[in-house]
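# Sequence unavailable; structure follows:
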């Protein structure tokens with residue numbers, strides 16, 4: 001179908017364009033509100049700055065398409081193929097993208113607040129500064145995705161995959177990552193204040209300069225993790241494993257049986273633990289550092 005014909009039909013009140021073939025079409029800046037484009041072929045199409053609010057593109061083929069700055073809030077893109085698509089700057093608040101294919105897609109600065117992306121494939125996607133606050137990301141594949149400076153506070157991340165994911169400088173406040181596999185993940189300068197990481201695998205993870213205030217790390221595995229200059233006041237490290245973790249300039253920190261952090265001090269169960277912690281930070285001039293030695297229990 002030609003774009004001119006589609007637009008004439010739209011002006012006449014027609015809204016059902018399911019299965020239409022618009023491969024490579026130029027639909028930039030068009031207004032198609034509440035239209036049905038399910039199973040449409042839009043491969044390589046240009047939809048830049050188009051208005052598609054409340055439209056249904058479920059099952060549509062949009063790989064390699066240009067959707068930069070598109071407006072599609074409350075849209076339906078269930079199982080839509082957006083592989084390698086350009087969605088930079090798109091406005092997709094409260095949209096439904098369950099099981100959508102977004103591997104290798106560009107979603108930098110995209111607004112997906114409160115959107116549902118459960119089961120979506122975002123492997124290798126570029127998600128710099130994306131807004132995913134309060135979004136449903138359960139069972140999402142984020143392997144090798146770049147979420148530098150992304151906003152995920154309040155997002156649901158149950159069962160999400162993070163193999164090789166870059167989460168540096170991300171906002172992850174008050175999220176539940178309990179039991180997640182974050183082995184060797186880059187969380188440098190990430191803001192995780194008030195989050196749950198109970199039993200989380202953080203082996204070899206980079207948490208340098210991360211904000212971990214009030215974080216529940218009960219039973220977390222932090223062996224070999226980099227915690228240099230991390231802020232851990234009021235965090236709960238009950239039964240956490242921190243052997244060979246790096247703290248304060250590359251020193252090793254072993255707090256295998258640490259109880260908790262209270263009043264900017266860490267409760268330890270043995271004098272050897274206290275001595276090791278003291279040695280790890282004794283050369284720091286700034287006494288306001290959030291973990292201080294000297295409190296020994298038992």
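Arrived safely, thanks for sending. As the structure is a computational prediction, the values presented were derived from the model and not from experiment.
# which SS state does residue 6 fall under?
In three-state terms, and counting by DSSP: H, G, I helix; E, B strand; the rest coil, residue 6 is helix.
# Could you report the distance from it to residue 40?
Using C-beta to C-beta, to the nearest Å, one gets 10 Å for the distance from residue 6 to residue 40. Glycine gets a C-beta too; all of them are placed from N, C-alpha and C.
# Show me whatever sits in contact with both of these two.
Contact criterion C-beta atoms under 8 Å, 6 or more residues apart in numbering; residues bridging residue 6 and residue 40 by contacting each: 17, 20, 22.
# The second one touches residue 35, doesn't it?
Right, the one you point to is residue 20. No. Contact status for residue 20 versus residue 35: not in contact, 9.8 Å apart, counting by C-beta atoms under 8 Å.
# Those two: who's more crowded?
In this comparison of residue 20 against residue 35, neighbours counted by other C-beta atoms under 10 Å, the higher total goes to residue 35 at 23 against 20.
# so what's the more buried one up against?
For residue 35, the contact set (C-beta under 8 Å, 6+ apart) comprises 10, 15-17, 52, 55-56.
# In helices only, show me the shared contacts of residue 6 and residue 40.
The members of these all map outside helices under DSSP state H.
# mind listing what residue 46 touches?
For residue 46, the set of contacting residues under the criterion of C-beta under 8 Å, 6+ apart consists of 25-28, 65-66.
# Name the member of the residues you listed with the shortest distance to residue 92.
Nearest to residue 92 among the contacts of residue 46: residue 65, at 13.9 Å, using C-beta to C-beta.
# Let me know whether the closest one touches residue 48 as I believe.
No. Taking C-beta under 8 Å as the definition, residue 65 is not a contact partner of residue 48, at 9.4 Å.
# more crowded one of these two?
Comparing residue 65 with residue 48 by neighbour count (other C-beta under 10 Å), the higher total belongs to residue 65, at 29 against 19.
# Sort out which residues of stretch 97-115 are buried, please.
Going by neighbour count (16 or more other C-beta atoms under 10 Å), the buried part of stretch 97-115 is 97-115.
# And for stretch 65-84?
Judged by neighbour count (16+ other C-beta under 10 Å), stretch 65-84 contains these buried residues: 65-73, 75-84.
# Walking through the protein, point out its helices one by one.
3-11, 271-281.
# Give me the residues contacting the shortest one.
With C-beta under 8 Å, 6+ apart as the test, helix 3-11 has contacts from 17, 20, 22, 25-27, 30, 32, 35.
# By mean pLDDT, point me to the weakest helix or strand of this protein.
Here the helix or strand of the chain ranked lowest by mean pLDDT, DSSP states H and E is strand 260-262, holding a mean of 34.
# What pLDDT does the model give residue 232?
pLDDT, the model's per-residue confidence, is 89 for residue 232.
# For this protein, give me the ranges with low pLDDT.
Flagging of the chain using pLDDT under 70 yields the residue ranges 246-298.
# and with 50 instead?
With pLDDT under 50 as the threshold, the chain has low-confidence stretches at 249-298.
# Identify the residues contacting the most centrally placed residue in it.
Within the chain, the residue whose C-alpha comes closest to the C-alpha centroid is residue 152; the distance, by C-alpha atoms, centre = their mean, is 5.3 Å. Applying C-beta under 8 Å, 6+ apart, we find residue 152 in contact with 132-133, 135, 137, 170-172, 175.
# mind putting those residues in a markdown table, distance to residue 227 and neighbour count included?
Compiled in a markdown table, these are given as follows (distance: C-beta to C-beta, whole Å; neighbours: other C-beta atoms under 10 Å):
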| residue | distance to residue 227 | neighbour count |
| --- | --- | --- |
| 132 | 25 | 28 |
| 133 | 26 | 19 |
| 135 | 28 | 27 |
| 137 | 25 | 24 |
| 170 | 17 | 28 |
| 171 | 19 | 21 |
| 172 | 16 | 26 |
| 175 | 19 | 22 |
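# out of these, who's nearest residue 121?
The shortest gap between residue 121 and any of those belongs to residue 137, at 11.8 Å (C-beta to C-beta).
# from what I can see the closest one touches residue 155, true?
Yes. Distance between residue 137 and residue 155: 5.3 Å, which falls inside the contact criterion (C-beta under 8 Å).
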